[in-house]
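>>> sequence and predicted structure are below.
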Amino acid sequence: MKLLLDTCAFLWIAADAPELSTEARRLFTDPANEVYLSAVSTWEVALKYRLGRLPLPEPPGRLVAGLRAAHGIAALALEEDAALQEAKLPPLHRDPFDRMLVCQAIVHGLVVLTPDPAVAQYPIRVAW
């Protein structure tokens, strides 16, 4: 299975937070699964850090790459096909970061690892 981490799932995995569900933890640690972090989530982390809404132990430029490497998470670039998919999405969710993750999941056939029920309304596979 190819998993795309929601931003909160990535941060909870990195912190081994109790918010991470048992199923999400199992899927993430299953070596048969490929796990991706979108550039969109990296952008969200950097933006919220800069605005003072996301305290981090170190700047996102070091933190994100280090956590991805430590946990074997591949980077997923935002490509034109995924960006253009946004115009086709119904207005079920207002968060632009989550909407773009949905677009990437559609284009790349990914399962989104997220606790967000609004994301699950789209025609994609979601796990939590």
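Thanks, I have the structure now. Residues are numbered from 1 along each chain as shown.
>>> contacts, neighbours, all on C-alpha from now
Noted.
>>> next, the buried residues of stretch 10-26.
10-13, 20-21, 24-25 (16 or more other Cα atoms under 10 Å).
>>> now do stretch 33-52
For stretch 33-52, the neighbour count (16+ other Cα under 10 Å) marks 34-38, 40-42, 44-46, 49 as buried.
>>> how about stretch 120-128?
Residues of stretch 120-128 classed as buried: 120, 122, 125-128 (neighbour count, 16+ other Cα under 10 Å).
>>> nearest to L54 among those residues?
Among the buried residues of stretch 120-128, W128 lies closest to L54 (Cα to Cα), at 22.6 Å.
>>> show me what contacts the closest one?
Listed by Cα atoms under 8 Å, 6 or more residues apart in numbering, the contact set of W128 reads 21, 23-24, 113-115.
>>> picking up where we left off before, in JSON lines, list the buried residues of stretch 10-26 along with pLDDT.
Compiled in JSON lines, the buried residues of stretch 10-26 are given as follows (pLDDT from 0 to 100):
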{"residue": "F10", "pLDDT": "98"}
{"residue": "L11", "pLDDT": "96"}
{"residue": "W12", "pLDDT": "96"}
{"residue": "I13", "pLDDT": "94"}
{"residue": "L20", "pLDDT": "96"}
{"residue": "S21", "pLDDT": "96"}
{"residue": "A24", "pLDDT": "97"}
{"residue": "R25", "pLDDT": "96"}
